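>>> Below are the sequence and a predicted model for it; my questions follow.
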Amino acid sequence: MADWTEIATRLAEEFAERAAEVDRSGRFPVENVERMQEVGYLNIAVPEEFGGGGADLATVAACQGILAGGCASTALAANMHIFGLGSAAESWSAGDRGAEPLFRMVAERTIVGGSLTDAATGLNVRTSSTPAERVDGGYSISGRKSFCSLAPVLGFFWGTAADTATGELLLFGLPRDTPGLEFVDTWDTMAMRGTGSWDVRFDDVFVPDAAVQRGAAPGDALVWDVERERGFAWFAITVASIYLGVARAAARFAYHHVTSRTVTGASLPMARQPAQVFNAAEVELLLRPAEALVSDGLRRRAESGPLSPADLNTLKYAAVNAADDAVDRCVRMTGGHGIFRKLPLERYYRDVRAGQFHPPNNDVALETIGKSALDIDPLAEPRWPAD
Ligand SMILES: Cc1cc2nc3c(=O)[nH]c(=O)nc-3n(C[C@H](O)[C@H](O)[C@H](O)COP(=O)(O)OP(=O)(O)OC[C@H]3O[C@@H](n4cnc5c(N)ncnc54)[C@H](O)[C@@H]3O)c2cc1C
């Protein structure tokens, strides 16, 4: 097997050189995607039988953390392709052959991703405000979705819509050149500016029945099974690693800054000031427990099988919030230098703020963790106001 850690380190160094320009312009770094294709990184988790890297979740999470230290936008955008393939690869190893067409498609360098988010439904991905009208042989879909990372380069799009007759949630997959499907550049944000997370517009798009998987109908109970855990674990753990990777990059920057700066009149570098020593300790005391939770989750999952919703919510919440707080302290360590756009710290500071919005967002995570602590089924209703 390739040395993925070494490959991720090399890519991170290369992407770091253009990360500031990508962030400043808000453009999507197509050349980073080409490089990741070239070295096989985008298919790191695809089974080796299909020409992929065959890497497990622990390896992918570690590599995504490293990559995020170079360019957080690139790591996060690539993750939307990688995490679904990783979860499908685990199902493949367990004997489920359903993802074979997907693996064949990505072996031909197709990039996959999607949007489960409607402007109206926000992060409640159990429902969709995009209507799907039953027509002969399939559905006609019109509407708009948002937050579709990788949109500039996607070859295959996943989305959700609701059957107008039954309210059932439909998951559908479409090639990019499907008539009526359009990607619209709306992505001008304060964080993760290079992820190309555009809107997607559907104008009477025909989706054949063969491209549709049926999801939950209104009122269906939520089920926590191996399949659901796989998708969620691959997403939550890789996202946790990405944001911890950004915070580690900020820590490296701040530690180097205080170690190499000696102010006029002082005989020793700033790092010897007690305030800086305590700040560094605080950064470590935020990051190390969060990193340990991620490692512990990976170890328990590898040894004993699926994690619980509370486990995954806990590690994702701990990681993204520790990353936020740690970068705040890094800014305090570097003082006024921290806000200069010529230095990377203010980009880390902005990028790391997006971690809380990925599912499970902070409030949903708190609900799940709290219910679990109080011995209430974490999936018990009421959860969403309309349920
Ligand atoms: C950089 C980036 C890239 C992304 N890429 C993708 C992608 O490629 N594909 C994709 O599908 N999505 C993507 N997302 C979208 C993301 O997964 C969320 O779906 C998205 O942020 C929409 O949620 P919202 O923040 O608008 O939430 P809303 O649903 O509008 O919620 C706003 C706030 O209300 C509160 N809230 C709402 N409902 C509840 C509830 N039930 N319980 C508790 N609190 C609640 C929360 O505090 C929440 O923060 C991306 C997001 C980011 C930031």
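Alright, I've got the coordinates.
>>> How about residue 305, nearest residue that isn't a chain neighbour?
Excluding the flanking residues, the one nearest residue 305 by Cβ to Cβ, 6 or more residues apart in numbering is residue 226, at 8.0 Å. From N, CA and C alone the C-beta is placed, and that goes for glycine too.
>>> I figured that neighbour hits residue 306, correct?
Yes: using Cβ atoms under 8 Å, residue 226 is in contact with residue 306, at 5.7 Å.
>>> which of the two has more neighbours?
Using other Cβ atoms under 10 Å, the more surrounded residue of residue 226 and residue 306 is residue 306, with 17 against 12.
>>> how about the helices in the stretch 201-350 of the chain?
226-260, 274-304, 309-334, 345-351 (DSSP state H, counting those that start in this stretch).
>>> Compute the inter-axis angle for the longest one and helix 274-304.
Right, the one you point to is helix 226-260. In terms of direction (axes from the mean of the first three to the mean of the last three Cα atoms, to 10 degrees), helix 226-260 departs from helix 274-304 by 160 degrees.
>>> Report the separation between the residue nearest to residue 305 and residue 327.
Going from residue 226 to residue 327 by Cβ to Cβ, to the nearest Å gives 35 Å.
>>> again, but for residue 217
42 Å.
>>> try residue 252
Relative to residue 327, and taking Cβ to Cβ, residue 252 is found at 12 Å.
>>> Between these two, point out the one with more neighbours.
residue 327 (31 against 12).
>>> OK, contacts around the more buried one?
246-247, 250, 345, 348-349, 352 (Cβ atoms under 8 Å, 6 or more residues apart in numbering).
>>> Quick one: end-to-end distance for stretch 165-182.
Across its full length, stretch 165-182 reaches 25 Å end to end, with Cα to Cα, to the nearest Å as the criterion.
>>> tell me the domain ranges of this protein?
Domain assignment for the chain by automatic domain parsing gives 4-107, 112-214, 226-373.
>>> what residues are up against the closest residue to residue 131 other than its chain neighbours?
Once flanking residues are discounted, residue 131 sits nearest to residue 164: 4.9 Å by Cβ to Cβ, 6+ apart. Applying Cβ under 8 Å, 6+ apart, we find residue 164 in contact with 131-134.
>>> Where does pLDDT dip in the stretch 101-250 of the chain?
Along the stretch 101-250 of the chain, the model assigns pLDDT under 70 to residues 119, 121-125.
>>> any idea how far the residue nearest to residue 131 lies from residue 141?
Counting by Cβ to Cβ - residue 164 and residue 141 are separated by 10 Å.
>>> Now the common contact residues for those two.
Joint contacts of residue 164 and residue 141 (Cβ under 8 Å, 6+ apart) are 131-133.
>>> Top of those by number of neighbours, please.
residue 132 (28 neighbours).
>>> Next, the angle helix 226-260 makes with the one helix or strand residue 86 maps to.
Residue 86 belongs to helix 72-93 when assigned by DSSP states H and E. Interaxial angle, helix 72-93 versus helix 226-260 (the same axes, to 10 degrees): 150 degrees.
>>> for whatever helix or strand comes next after helix 72-93, packing partners?
Downstream of helix 72-93, the first helix or strand assigned by DSSP H and E is helix 100-107. Counting contacts by 3 or more Cβ pairs under 8 Å, 6 or more residues apart in numbering; DSSP states H and E, helix 100-107 is packed against helix 72-93, strand 112-115.
>>> next one: helix 100-107 to chain centre, how far?
The offset between the C-alpha centroid of helix 100-107 and the centroid of the whole chain comes to 21 Å, using Cα atoms, centre = their mean, to the nearest Å.
>>> For it, C-alpha coordinates in PDB please.
Output of helix 100-107 as PDB, limited to C-alpha atoms (Å, rounded to 0.1, in the frame of the first residue of the first chain):
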ATOM      1  CA  GLU A 100     -19.500  -1.400  -7.700                       C
ATOM      2  CA  PRO A 101     -20.800   1.100 -10.400                       C
ATOM      3  CA  LEU A 102     -19.700   4.000  -8.100                       C
ATOM      4  CA  PHE A 103     -16.200   2.500  -7.800                       C
ATOM      5  CA  ARG A 104     -16.000   2.000 -11.600                       C
ATOM      6  CA  MET A 105     -17.100   5.600 -12.200                       C
ATOM      7  CA  VAL A 106     -14.500   7.100  -9.900                       C
ATOM      8  CA  ALA A 107     -11.800   4.800 -11.300                       C
END
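>>> I'd guessed residue 330 sits against residue 251; true?
Yes: counting by Cβ under 8 Å, residue 251 is a contact partner of residue 330 at 5.9 Å.
>>> Next, count neighbours for the residue of the stretch 151-300 of the chain found nearest the ligand.
Nearest residue of the stretch 151-300 of the chain to the ligand, counting by Cβ to the nearest ligand atom: residue 192, 3.8 Å away. Using other Cβ under 10 Å, residue 192 is surrounded by 26 other residues.
>>> now the helices for the stretch 1-150 of the chain?
Under the criterion DSSP H, counting those that start in this stretch, the stretch 1-150 of the chain carries helices at the ranges 4-25, 30-38, 57-70, 72-93, 100-107.
>>> Of all those helices, which one is nearest the ligand?
Closest among these, using Cβ to the nearest ligand atom: helix 72-93, at 4.3 Å.
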